[in-house]
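> Mind folding the following:
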Amino acid sequence: MNTGTLMQLASDSGGVLYVIAIMLFVALTVIVERTWFLQRAGASGRAVLGQLDRMSHLDPAALSTLASRYRGLPVAHILSVAARMGGVRSRDTLSAALDETIMREAPRIDRFLWVLDTIVTLAPLLGLFGTIVGMFHAFQVLGNAGNAPTQVTGGVAEALVATASGIFVAMVGLVFFNGLHNRVRLAAHQLETLKAALVNRMTGIAHEQPAEVRENLRDVREAPAHLASQGA
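Coordinates of the predicted model:
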């Protein structure tokens, strides 16, 4: 299928194929941008939580250092707020301040997903509309003397390209929309987990260490007794 044929199909569909092509470009742009951002947000959230698990005490300087390391990401804003409230020991005050920060960051996490959702819904409808317009052109040949019925069937087949294009764009968008929506859910959960971790550590509540750390500490404690038993 050459460029001239594509231009003819787009013209027969009333220009709908041009709109569908633009929607595909917009959908791919949103997919790439959101995937890149959410990948960075998820990686930074895991890294910060891992570092907090290895820190027994939090001070404003350590939190500010972490915030500067992940500047521009949601976790950086939460760490910055926690650093500014380093002297606060009230759980309610800390929790309220961090909740406000998370709510302010929430629109950044799922930004532009509504565009992808709209494209998924609208693309098949536009494709169907383009097919209907194309079929109008196809059946008009019956009114012209000397036109064969095969021209009608050929025109209908060409008109169906618009519907196929719209469904294709919707399928691509739907797959990535569901994947990005799941990443948004995980990113929001990470922020809530980070908030709880900061509140617990900054108010002096002991936290449960990871299984690997507990295993290493138990080995260190049991080593002297094991050596003593061997010496005996």
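> quick one: the helices in this protein?
3-12, 16-53, 60-69, 74-84, 91-109, 113-140, 149-202, 211-231 (DSSP state H).
> tell me the most buried of the ones you listed?
Most buried of the helices of the chain, by mean neighbour count (mean count of other C-beta atoms under 10 Å): helix 74-84, with a mean of 22. Any C-beta I mention is one placed from the backbone N, CA and C, and that applies to glycine too.
> now this protein, which segments are flagged as low pLDDT?
Scanning the chain for pLDDT under 70 picks out 1-14, 56, 137-158, 205-232.
> Nearest spatial neighbour of His57, chain-adjacent residues omitted?
Arg201 (7.6 Å; C-beta to C-beta, 6 or more residues apart in numbering).
> show me what contacts the one you found?
Arg201 makes contact with Leu52, Met55, His57, Leu58, His207 under the criterion C-beta atoms under 8 Å, 6 or more residues apart in numbering.
> any idea how far it lies from Ala43?
Per C-beta to C-beta, to the nearest Å, Arg201 is found 22 Å from Ala43.
> for Ala187, same thing?
Separation of Ala187 from Ala43 (C-beta to C-beta): 11 Å.
> would JSON lines of the contacts of Arg201 with distance to Thr93 be doable?
Output for the contacts of Arg201, formatted as JSON lines (distance: C-beta to C-beta, whole Å):
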{"residue": "Leu52", "distance to Thr93": "20"}
{"residue": "Met55", "distance to Thr93": "22"}
{"residue": "His57", "distance to Thr93": "20"}
{"residue": "Leu58", "distance to Thr93": "16"}
{"residue": "His207", "distance to Thr93": "20"}
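> Now do the contacts for the residue nearest the centre of the chain.
Residue closest to the average C-alpha location in the chain (C-alpha atoms, centre = their mean): Leu180, at 3.4 Å. Contacts for Leu180 were tallied using C-beta under 8 Å, 6+ apart; they are Ile31, Arg34, Thr35, Leu38, Leu113, Leu116.
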